[in-house]
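Novice: quick one, what's the 3D model for this:
(chains A and B)
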There are 2 protein chains.
Amino acid sequence: MSYTVAGDWGTSNLRLYRIEDGAVVDRAAGPGIGDLGDQTPEQVLRGALARWRATSEPRAIHLCGMVGSRNGWIEIPYVDCPADPAIWAAGSARAMVDRIPVTIGAGLACTRGSGAPDVMRGEETQIFGAMALVPGLAAGRHLIALPGTHSKWATVEDGRVTGFQTFVTGELFALLRRHSTLTRAAADDGAPEDDAIGFDAGLDRISEGGHLLGALFETRAAQLRTGASGRWALGFLSGLVIGAEIAEILPAATGTITLIGDPALADRYNRALAARGLGATVHTGEACALAGLALLETP
Amino acid sequence: MSYTVAGDWGTSNLRLYRIEDGAVVDRAAGPGIGDLGDQTPEQVLRGALARWRATSEPRAIHLCGMVGSRNGWIEIPYVDCPADPAIWAAGSARAMVDRIPVTIGAGLACTRGSGAPDVMRGEETQIFGAMALVPGLAAGRHLIALPGTHSKWATVEDGRVTGFQTFVTGELFALLRRHSTLTRAAADDGAPEDDAIGFDAGLDRISEGGHLLGALFETRAAQLRTGASGRWALGFLSGLVIGAEIAEILPAATGTITLIGDPALADRYNRALAARGLGATVHTGEACALAGLALLETP
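Specialist: Residues are numbered from 1 along each chain as shown, chains lettered A, B, ... in the order given. Predicted coordinates:
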């Protein structure tokens, strides 16, 4: 049966989907752009597609993510905001693998009012995908959040991405957990529920203003002074950084927020948003990525 | 000639001073409490003192810092704030090395109005030392800042330390520089002055509210988008974290601030304070530590 391939190729993972009649019928995986070793992207892609191609060739391949970066396959210029789906799709690049056409989606760039530049590569596909999936996002002003290693908060106005901001929340949490003096990397003392209790305590500790630097050391001081457990400390640290991210976005937050991400992380963000009186609807990253990659199909 | 020994024994270094008639006449060094290996603190101290003791024995030894922590020589309970120099000195612990009396100063603990606990070990000696050195600090309300890996900001009111707050500014900068995706560890491209230009840009970028999480990614985006150099990026990162620390302390800052630290770091803090319309007087950590250790002498 005729099929196309959609793929999300980030720094850490290559995730491929076999699409027949608009539905995912099979999946395949491979190394991320950061883990290619001495193979070229074409070689890695051929390896990951071999099983499907043994029967028949795909009509087309649509990719997004770091595959379009300087260290990827082709460096594709960022598309500047404001950008709607058509402008974004027009910024895609084309390649060929064994005569199969490959389309690689562009990243987005913006410059905030302060003059600060920002970029994304991969998340824009999920954002445009969400706009395609959720009719309510087509008109008016909306915030779309993609929590993660580098959380992205995009503003969508009347069907265009008008700007966005990156928060290094997940990366900061991982660095502090693994390398800092605030927690011990292997600390798993304490009761299982300590993590959630610590998380809520961390949310509570972040002031309306979102001050983080002067709040972090309590992670350690509480272990020294009030007998807090290692599990509590990790939960507290998570509550601090997510709470600070929400506090920083708060001035821009109006109406309902769309969260795109895995359910466990989305649940944490929902708790942090609720603590500020905000609500969110949640969509999975995979559904949004596939809907976004479908926009790259040329008729 | 009769002498005493003053010592600052932190996690990374043991710094010993030979004091005769109130003046430093010689110095010695040894490993920090975190680097004792399989030696006991007494063994390390004997080794570091051997040259001086070859001629004559010190009358007494006065130490401060992590030597008084759980992983040090004797775990000394924290003295709670508010604390004046006499209350603090009374919380010291005594030990003996070969019949030489050793006094180890206590750390301080406080609980802020929010309920957040905080602790210090070593910096209190410099704070009490500054209060002894600077007559103006004896009355009224003052802020004393000790920038560093863990910056401490202490409030002194009428001769007592009434509270303090720890900012993990230096540790965060080191983690982000070494381990994050924001800068490349070995990046030293760019002109020498890029570091100072980046630092000022980082200060500028921190809003009055002190938002840090959403500002950090510009370190990388600027390298991707505006050709910023690696040196600029490190300076920018330094400006962001120091600027955020100052923005967070701003609501508590009134009058002149006393900075205790090495001149290069104090200069950065002075620039960051000046950007907010604040001034500071600077004292070296060594002078303050020695003045504080002198307070532990019993007549």
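Novice: show me which residues of the stretch 51-200 of chain A sit near chain B.
Specialist: Of all the residues in the stretch 51-200 of chain A, those in contact range of chain B (C-beta under 8 Å from any C-beta of the partner chain) are A:78, A:109, A:114, A:116-119, A:150, A:165-169, A:171-172, A:175-176, A:178-182. (Glycine included, C-beta is placed from N, CA and C.)
Novice: so of those, which ones are in strands?
Specialist: Among those, DSSP state E puts A:109, A:117, A:118, A:119, A:165, A:166, A:167 in strands.
Novice: which residues in chain A form helices?
Specialist: Assigned by DSSP state H, the helices in chain A fall at A:41-53, A:85-90, A:123-133, A:169-179, A:194-205, A:218-225, A:230-249, A:263-274, A:285-294.
Novice: tabulate those (a markdown table), appending mean neighbour count, mean pLDDT and distance to residue B:39.
Specialist: Listed next are the helices of chain A as a markdown table, based on neighbours: other C-beta atoms under 10 Å in any protein chain shown; pLDDT from 0 to 100; distance: least, C-beta to C-beta, whole Å:
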| stretch | mean neighbour count | mean pLDDT | distance to residue B:39 |
| --- | --- | --- | --- |
| helix A:41-53 | 17 | 97 | 52 |
| helix A:85-90 | 17 | 97 | 63 |
| helix A:123-133 | 26 | 98 | 52 |
| helix A:169-179 | 19 | 96 | 26 |
| helix A:194-205 | 21 | 96 | 36 |
| helix A:218-225 | 22 | 95 | 25 |
| helix A:230-249 | 26 | 97 | 28 |
| helix A:263-274 | 17 | 95 | 45 |
| helix A:285-294 | 22 | 97 | 53 |
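Novice: possible to save those as a markdown table with distance to residue B:32?
Specialist: Formatted as a markdown table, the helices of chain A follow (distance: least, C-beta to C-beta, whole Å):
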| stretch | distance to residue B:32 |
| --- | --- |
| helix A:41-53 | 47 |
| helix A:85-90 | 54 |
| helix A:123-133 | 44 |
| helix A:169-179 | 18 |
| helix A:194-205 | 30 |
| helix A:218-225 | 18 |
| helix A:230-249 | 24 |
| helix A:263-274 | 37 |
| helix A:285-294 | 45 |
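Novice: identify whichever of those helices lies nearest to residue B:276.
Specialist: Across these, residue B:276 has its closest neighbour in helix A:230-249 (19.3 Å, C-beta to C-beta).
Novice: which other helices and strands contact the closest one?
Specialist: Using 3 or more C-beta pairs under 8 Å, 6 or more residues apart in numbering or on different chains; DSSP states H and E as the contact test, the elements touching helix A:230-249 are strand A:160-167, helix A:169-179, helix A:194-205, helix A:218-225, helix A:263-274.
Novice: save these as TSV, and put in distance to residue A:298 too.
Specialist: Output for the helices and strands packed on helix A:230-249, formatted as TSV (distance: least, C-beta to C-beta, whole Å):
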stretch	distance to residue A:298
strand A:160-167	21
helix A:169-179	34
helix A:194-205	45
helix A:218-225	51
helix A:263-274	33
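Novice: out of these, the one nearest residue B:128 is which?
Specialist: Using C-beta to C-beta, these put helix A:218-225 closest to residue B:128, at 20.5 Å.
Novice: restricting to C-alpha, output that closest one in CSV.
Specialist: Output in CSV follows, covering the C-alpha atoms of helix A:218-225 (Å, rounded to 0.1, in the frame of the first residue of the first chain):
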residue,chain,number,x,y,z
GLU,A,218,16.4,26.2,50.5
THR,A,219,16.6,22.8,48.7
ARG,A,220,19.8,22.2,50.7
ALA,A,221,19.0,24.2,53.8
ALA,A,222,15.8,22.3,54.4
GLN,A,223,17.7,19.0,54.3
LEU,A,224,20.2,20.4,56.9
ARG,A,225,17.7,22.1,59.1
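Novice: for that helix, what is the distance to the chain centroid?
Specialist: Relative to its parent chain, helix A:218-225 has a centroid offset of 32 Å by C-alpha atoms, centre = their mean, to the nearest Å.
Novice: ok, now stretch A:197-211?
Specialist: What separates the centre of stretch A:197-211 from the centre of its chain is 23 Å, taken as C-alpha atoms, centre = their mean.
Novice: stretch A:22-35 too?
Specialist: Between the centre of stretch A:22-35 and the centre of its chain there are 16 Å (C-alpha atoms, centre = their mean).
Novice: likewise for stretch A:230-240?
Specialist: Chain-centre distance of stretch A:230-240: 22 Å, with C-alpha atoms, centre = their mean.
Novice: by neighbours, which of the ones in strands among the residues of the stretch 51-200 of chain A next to chain B wins?
Specialist: When these are compared by neighbour count (other C-beta atoms under 10 Å in any protein chain shown), residue A:167 ends up highest, at 28 neighbours.
Novice: who does that one form a beta bridge with?
Specialist: Beta-bridge pairing for residue A:167 (DSSP bridges): residue A:151.
Novice: ok, it - contacts?
Specialist: Contacts for residue A:167 (C-beta atoms under 8 Å, 6 or more residues apart in numbering or on different chains) come out as A:150, A:151, A:152, A:153, A:245, A:248, A:249, B:213, B:214, B:216, B:217.
Novice: neighbours of the first one, just the number please.
Specialist: When you say that, I think you mean residue A:150. Look at residue A:150: counted by other C-beta under 10 Å, it has 21 neighbours.
Novice: next: the third one.
Specialist: Here the count is done by other C-beta under 10 Å, and residue A:152 has 24 residues near it.
Novice: isn't it up against residue A:163?
Specialist: No - counting by C-beta atoms under 8 Å, residue A:152 stays clear of residue A:163, with 10.9 Å between them.
Novice: residue contacts, the residue lying closest to residue A:46 once chain neighbours are set aside?
Specialist: Leaving out its chain neighbours, the residue that sits closest to residue A:46 by C-beta to C-beta, 6 or more residues apart in numbering or on different chains is residue A:97, at 6.7 Å. Shown in contact with residue A:97 (C-beta under 8 Å, 6+ apart): A:42, A:45, A:46, A:61.
Novice: residue A:97 bridge partners, please.
Specialist: Here residue A:97 sits in beta bridges with residue A:100, going by DSSP bridges.
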